[in-house]
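A.B. asks: coords below, sequence missing:
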């Protein structure tokens with residue numbers, strides 16, 4: 001078995017057991033900003049499946065998204081409980097899509113390659129978003145990566161248009 005596969009299995013085992021190593025990382029992540037560019041992905045094999053390569057023009061961003069209900073304030077005026085419009089309010093976008101959109105807002109010159117789940121606690125959910133700069137010479141010369149970015153002619157905005165993995169399914 002290759003080293004990347006062993007590393008991926010080890011990460012899923014630690015996540016399942018909620019190991020102290022991951023919890024210690026989450027404590028440090030909580031102190032950071034909501035969107036942080038990181039040097040290398042936490043789950044390398046997953047990132048490589050999405051198109052990550054250790055080269056110039058590719059960035060990995062860890063995005064923190066707050067979890068919780070989509071609470072609406074209860075109306076002041078009187079009406080029957082069914083028509084209060086408070087109980088069955090759901091978020092239209094998944095947390096993963098929200099993380100992708102926020103990362104693309106922070107890095108407007110980048111295109112979305114994909115994203116994956118990293119960790120979740122009671123307050124936040126963390127995703128790592130893999131981005132590529134299509135104008136960078138290293139990326140534009142790489143035919144496989146450039147083709148992945150422009151397989152769909154409207155690819156550039158990614159999550160804003162639903163081009164990611166969830167957008168294709170929705």
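C.D. replies: That came in fine, so what should we check first? Just so it is clear, the structure is predicted and the values come from calculations on it, not from any experiment.
A.B. asks: all strands of this protein, in order?
C.D. replies: Per DSSP state E, the chain carries strands over the ranges 35-38, 58-66, 111-120, 124-132.
A.B. asks: Would you mind finding the most buried of these?
C.D. replies: strand 124-132 (a mean of 24; mean count of other C-beta atoms under 10 Å). Every residue, glycine included, has its C-beta placed from N, CA and C.
A.B. asks: Name the strands paired with that strand and say parallel or antiparallel.
C.D. replies: Using DSSP bridges, the strands paired with strand 124-132 are strand 58-66 (antiparallel), strand 111-120 (antiparallel).
A.B. asks: Quick one: those as a markdown table, columns for mean pLDDT and distance to residue 7 too.
C.D. replies: What follows is the strands paired with strand 124-132, written out as a markdown table (pLDDT from 0 to 100; distance: least, C-beta to C-beta, whole Å):
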| stretch | mean pLDDT | distance to residue 7 |
| --- | --- | --- |
| strand 58-66 | 94 | 16 |
| strand 111-120 | 93 | 14 |
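A.B. asks: can you redo the ones you listed as JSON lines with distance to residue 31?
C.D. replies: Putting the strands paired with strand 124-132 into JSON lines (distance: least, C-beta to C-beta, whole Å) gives the following:
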{"stretch": "strand 58-66", "distance to residue 31": "11"}
{"stretch": "strand 111-120", "distance to residue 31": "14"}
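A.B. asks: So which of these is nearest residue 38?
C.D. replies: When those are compared by C-beta to C-beta, strand 58-66 sits nearest residue 38, at 5.3 Å.
A.B. asks: Off-centre distance for that closest one?
C.D. replies: For strand 58-66, the separation from the chain centroid amounts to 6 Å (computed by C-alpha atoms, centre = their mean, to the nearest Å).
A.B. asks: Reformat the strands of the chain as TSV; add distance to residue 102.
C.D. replies: Listed next are the strands of the chain as TSV, based on distance: least, C-beta to C-beta, whole Å:
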stretch	distance to residue 102
strand 35-38	6
strand 58-66	6
strand 111-120	11
strand 124-132	9
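A.B. asks: Who are the packing partners of the longest helix belonging to the chain?
C.D. replies: Taking DSSP state H as the criterion, the chain has its longest helix at helix 3-17. Packing contacts for helix 3-17, counted by 3 or more C-beta pairs under 8 Å, 6 or more residues apart in numbering; DSSP states H and E, involve helix 20-31, helix 44-50.
A.B. asks: Report the buried residues of the longest one.
C.D. replies: Applying a neighbour-count criterion of 16 or more other C-beta atoms under 10 Å, the buried positions in helix 20-31 are 22, 25, 26, 29.
A.B. asks: Need the pLDDT of the second one.
C.D. replies: Right, residue 25. Residue 25 is assigned a predicted lDDT (pLDDT) of 90.
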